[in-house]
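> turn this into a structure:
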Amino acid sequence: MSLFSTGKYSTLQIPAGNGERRMVIPDGSWEKCKKCSQTLYADRLEDNLQVCWFCGCHLQMTPEQRIAMLTDPESFVEIDQEMRSKDPLNFVDLKAYPARLEDSERKTGKGDAVVCGTATLNGKKYALGVMDFRFMGASMGSVVGEKITRLTELATAEKLPLLLVTASGGARMQEGIFSLMQMAKTCGALALHQEAGLPYIALLTNPTYGGVTASFATVADVILAEPGAMIGFAGPRVIQETTNSKLPDGFQTAEFLLEKGLIDRVVERKNIRREIGLLLEYFG
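Below you'll find the predicted structure:
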């Protein structure tokens, strides 16, 4: 067996039964673009900030990738990472809620759907929260709401700018009314942050929906979004069926919402670090 490489992108060549060699691609070496279905080298995709080089689709990033993109090296200090959700409603659908939480924690290595902490960017200290769509669709339960509230309160106490990077399917149905209460709680903390004269920046990524859109995602001083990000309360299909009307082209995309005035700027991922850095410099 031998290893053939082109730069850092490698495949294995192993002998077949007839003496010929066949190519074997190691697991995780390739990913398929969700928009154009092209096959992408995983290593090259990471170098390209998870953006498809064929169609420009901005694919999802992990919190680690997002934090590395938005902070100075080794400056991020996480808070409240020990927090875990309870099961106040003893909720069971196809699977018990605690089992779903365990599956998501095993899959992501995270305690819930948001990572919060403080960091610096170009030497400017700020508070940062990044949602993780891999954890139950980054649905907002009590832990997500509490962590974002505590992060906002920390930013207010230390007089720091705040950046929240959103990606969510909305409220977490397994927690019912406890989930919906997080909308008011997070917005209350953000109101105090604003009253203190401190800036709040939101970066909306694909997808941002439901109670997250209806609360902390859209009350920022500056609202940025990535190209093509889908942003709304209910999904387009639900709205179309409810209103029995044809929706306009590009409905709920970041570009459509920029035109309608909800979004301040649509920023390509390669430019986001510079954009956030300029905003922190301006507000500072």
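> make it CA atoms for all contacts and neighbour counts henceforth
Noted.
> how close does the spatially most central residue of the chain sit to Phe133?
Residue closest to the mean C-alpha point of the chain, counted by C-alpha atoms, centre = their mean, is Ala167 at 3.8 Å. Separation of Ala167 from Phe133 (C-alpha to C-alpha, to the nearest Å): 6 Å.
> and what of Ala189?
To Phe133, Ala189 is 23 Å away according to C-alpha to C-alpha.
> more crowded one of the two?
Between Ala189 and Phe133, counting by other C-alpha atoms under 10 Å, Phe133 is the more crowded of the two (23 against 20).
> right, and that one touches Ser168 too?
Yes. Assessed by C-alpha atoms under 8 Å, Phe133 is found in contact with Ser168 at 6.1 Å.
> who touches both of the two?
Common neighbours of Phe133 and Ser168 (criterion: C-alpha atoms under 8 Å, 6 or more residues apart in numbering): Ser139.
> can you give me the domain assignment for the protein?
Split into domains by automatic domain parsing, the chain comes to 1-59, 60-283.
> return the most buried member of those domains.
Most buried of these, by mean neighbour count (mean count of other C-alpha atoms under 10 Å): domain 60-283, with a mean of 18.
> and that domain, how far apart are its ends?
OK, domain 60-283 end separation, C-alpha to C-alpha: 28 Å.
> just the helices in the stretch 101-250 of the chain please.
Along the stretch 101-250 of the chain, counting by DSSP state H, counting those that start in this stretch, helices occupy 142-157, 176-195, 210-213, 236-243.
> let's have those helices in a markdown table, adding mean pLDDT and distance to Arg269.
Putting these into a markdown table (pLDDT from 0 to 100; distance: least, C-alpha to C-alpha, whole Å) gives the following:
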| stretch | mean pLDDT | distance to Arg269 |
| --- | --- | --- |
| helix 142-157 | 98 | 23 |
| helix 176-195 | 98 | 26 |
| helix 210-213 | 97 | 20 |
| helix 236-243 | 90 | 25 |
